[in-house]
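>>> Compute the structure for the input listed below.
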Amino acid sequence: MELSVSVQKGLRFLADPSVYDRTSFQGLVDASFRSLLSSHGDSSVLDQPELKQVDQIQVKQSHAAATTFILEAVRHCADRSTISSCLEELSFSTERIEIINSTYQTHKKDLEHLLMSIGSCPPRVNDVSWRLQHHIKNAHLDRVNEPFYTISLKTENQGSLEDINFTCTVEQLQDLLAKLKDAAKSVERASQM
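Predicted structure coming up:
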């Protein structure tokens with residue numbers, strides 16, 4: 001796992017026993033997992049009684065770094081050895097690595113479900129229908145004489161069906177078609193690599 005410099009700095013604070021004693025370390029780790037798993041953002045990490053004696057800026061940095069590390073571990077499907085080696089590089093003691101590993105293993109499935117629920121797949125286009133119409137005049141001009149297309153995309157996203165309707169001029173339709181062809185070529189090239 002590659003971690004940014006700021007995440008590494010926050011994790012080094014967390015690894016330092018002079019900054020976080022055993023109680024405050026456990027409190028920050030628990031608060032980090034809780035903040036990720038709570039549905040409506042529980043109380044702030046700064047409100048934790050075991051973290052009151054630690055510099056609040058370091059608490060914020062460590063909390064942000066810990067949550068980032070946890071999410072990266074879940075995203076990469078990290079196992080115990082991967083997490084351990086990554087934390088060893090950041091000067092974590094064996095005891096602190098075990099605390100993070102055991103808490104991670106306890107909440108791993110919930111965190112995986114959380115990440116799977118974030119983000120969405122774009123809807124899949126199942127069908128397209130179109131109609132050519134002609135503007136004869138509008139509120140500003142007596143004669144417009146301009147063709148336009150009404151496009152209806154029948155889409156499906158996670159089992160639900162939806163229609164996406166829009167209108168466009170001939171030039172806009174040609175531009176859309178060119179962009180779709182470019183996208184199709186890019187996908188084809190990416191799949192051949």
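>>> what bits of this structure have low per-residue confidence?
Along the chain, segments meeting pLDDT under 70 span 39-43, 119-120, 141.
>>> Now do the domain split for it, please.
5-117, 124-192 (the TED database).
>>> Determine how far the last residue of the shortest one lies from the first.
To tie it back to what came earlier, the one meant is domain 124-192. 22 Å (CA to CA, to the nearest Å).
>>> Now mean neighbour count too, for the domains of the chain, in TSV please.
C-beta here means a position set from N, CA and C on the backbone, and glycine is covered the same way. As requested, the domains of the chain are arranged in TSV below (neighbours: other CB atoms under 10 Å):
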stretch	mean neighbour count
domain 5-117	16
domain 124-192	11
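>>> The residue of the chain most remote from its centre: what secondary structure?
Relative to the mean C-alpha coordinate of the chain, counting by CA atoms, centre = their mean, the farthest residue is Asp142 (51.1 Å). What DSSP: H, G, I helix; E, B strand; the rest coil gives for Asp142 is coil.
>>> can you tell me how far it sits from Val5?
To Val5, Asp142 is 65 Å away according to CB to CB, to the nearest Å.
>>> Ok, Ile83 next?
20 Å.
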